[in-house]
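Trainee: Could you look at this predicted model? Sequence included:
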Amino acid sequence: MTNTLQAPSVAQGAPAPRAAGGPGRTKNLLTRTRPWLLLAPALAVLAVLLLWPLVRVFLFSLQDYGLREIVSGEPNWIGLANFGEIFTSPELYTVVLPNTVGFAVLAVAGTVALGTAVAVLMAALGPFWRTVVGSAIMIAWAMPAVTGTYVWVWIFDADRGIFNETLQALGLQDEPVNWFTNRYTFYAIVLLNVIHHGFPFVAITILAGLLGVPKEMLEAAEMDGAGAWRRFWRIIVPNLKQVFAVVIILSTIWDFKVFAQVYLMPGGAGSNREALNLGVWSYVESFGQNRYGFGSAIAVLLTLVLLAITVVYVRTMLKEDEL
């Protein structure tokens, strides 16, 4: 007797298998593309307002673009010659980079240190005085950079500045000093300006983290004999590691591209070449010397530096979300 193999029959009423590309696949495709469809209007606006200007600046950086090219409308492509001129310029290494990087390091350190100190002070206050102090320091944060800069210019003015008048009244100097002609005193004033304007953001951000640190840990450490300094470094800093990373990276981005606080100072608009940083150098070369291609190349380099710092910031934020 021979056995015969028969294919199983499909039971009546059983659902037939879906064909490829059916409604299920269309639904999955719609689910995957829906976020991008919702973001499309905002991305289109960003592309028009940000991406296209960046592309134009990059194209200008590849040209010898000046008044003649503006009038004629004919581009003069020179490739990477502008970038070559930047990297072979002694001014980049002796003035611009030291001013930009050195100032950013000092400004970030000063802003974070002062902001952290104010945050610790506010955390020790009661709700009422914490609100009063927070409101007071936010005035500095709300003040426009232009207004704040002119206030500091008035304070250190060579003729009528209260700083010079105070030093003369105390007998510490015989005649007024122009603090804006020296490279180091110039950037010391800019440093005071930037720290004064930036520390409230750091203080409020760190205060929010401080209020989230468990009080039980601090009380247990105090009972074990740990002083305030040790409690800060052993408990508070490890718990606020991500918060400190965020404020440091954001402060670095802001302080690298500082412009108004330098440009509006006496001599900061290009008359004192020792006061140039990357942002002001780009502006002066573009609109002061009518070398728009060269100025655009400087702007491209500054943008690349800021993009690199921004990537670090985004990765830090993503790590914080994973915790």
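Mentor: Perfect, I can see it now.

Trainee: List the buried residues of the host helix or strand of residue 150.
Mentor: Here residue 150, judged by DSSP states H and E, is contained in helix 145-155. For helix 145-155, the neighbour count (16 or more other C-beta atoms under 10 Å) marks 148-149, 152-153, 155 as buried. The C-beta positions use only the backbone N, C-alpha and C, and glycine is treated the same way.

Trainee: Just give me how far that helix sits from the chain centre.
Mentor: Centroid displacement of helix 145-155 relative to its chain, using C-alpha atoms, centre = their mean, to the nearest Å, is 21 Å.

Trainee: just stretch 117-125 next, same as before
Mentor: Using C-alpha atoms, centre = their mean, the offset of stretch 117-125 from its chain centre is 25 Å.

Trainee: Give me the contact list for that stretch.
Mentor: Under the criterion C-beta atoms under 8 Å, 6 or more residues apart in numbering, residues 130, 133-134, 137, 199-200, 202-207, 210-211, 232 lie in contact with stretch 117-125.

Trainee: Give me the lowest-pLDDT entry from those residues.
Mentor: The lowest pLDDT within the contacts of stretch 117-125 belongs to residue 232, with 83.

Trainee: Residue 232: what's its closest spatial neighbour, skipping adjacent residues?
Mentor: Leaving out its chain neighbours, the residue that sits closest to residue 232 by C-beta to C-beta, 6 or more residues apart in numbering is residue 120, at 7.3 Å.

Trainee: Now do that neighbour against residue 228, distance only.
Mentor: Residue 120 is 9 Å from residue 228, where distance means C-beta to C-beta, to the nearest Å.

Trainee: What of residue 34?
Mentor: 52 Å.

Trainee: Could you do residue 286 as well?
Mentor: Here residue 286 is placed at a distance of 51 Å from residue 228 (C-beta to C-beta).

Trainee: nearest to residue 91, of the contacts of stretch 117-125?
Mentor: Nearest to residue 91 among the contacts of stretch 117-125: residue 199, at 31.7 Å, using C-beta to C-beta.

Trainee: what helix or strand does the closest one sit in?
Mentor: Residue 199 belongs to helix 183-210, assigned by DSSP H and E.

Trainee: That helix: which residues count as buried?
Mentor: Within helix 183-210, the residues that count as buried by 16+ other C-beta under 10 Å are 183, 186-187, 189-207, 209-210.

Trainee: contacting residues for residue 284?
Mentor: Contacts for residue 284 (C-beta under 8 Å, 6+ apart) come out as 269-270, 276, 295.

Trainee: export those to a markdown table and tack on distance to residue 54?
Mentor: Formatted as a markdown table, those follow (distance: C-beta to C-beta, whole Å):
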| residue | distance to residue 54 |
| --- | --- |
| 269 | 25 |
| 270 | 24 |
| 276 | 23 |
| 295 | 15 |
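
Trainee: Packing partners of the helix holding residue 150?
Mentor: helix 162-169, helix 183-210, helix 260-263 (3 or more C-beta pairs under 8 Å, 6 or more residues apart in numbering; DSSP states H and E).

Trainee: which outside residues touch the shortest one?
Mentor: Right, helix 260-263. Against helix 260-263 from outside (C-beta under 8 Å, 6+ apart): 145-146, 148-149, 190, 193-194, 197, 268-269, 275, 277, 279-280, 283.

Trainee: and with 10 Å instead?
Mentor: For helix 260-263, the surrounding residues in contact (C-beta atoms under 10 Å, 6 or more residues apart in numbering) are 99-100, 103, 107, 144-146, 148-149, 152, 186-187, 189-194, 197, 255, 268-270, 275-277, 279-280, 283-284.

Trainee: and that helix, how far out from the chain's middle?
Mentor: With C-alpha atoms, centre = their mean as the basis, helix 260-263 stands 16 Å off its chain's centre.

Trainee: What mean pLDDT does it get?
Mentor: Helix 260-263 comes out with an average pLDDT of 94.

Trainee: Show me what the helix or strand that that helix is followed by is in contact with.
Mentor: Tracing the chain past helix 260-263, the next element assigned as helix or strand by DSSP H and E is helix 278-283. By C-beta under 10 Å, 6+ apart, the list of residues contacting helix 278-283 from outside reads 57, 86, 89, 91-92, 95-97, 99-101, 256-260, 262-263, 265, 268-270, 273, 276, 288, 294-303, 305-306.

Trainee: With that, I have no additional questions.
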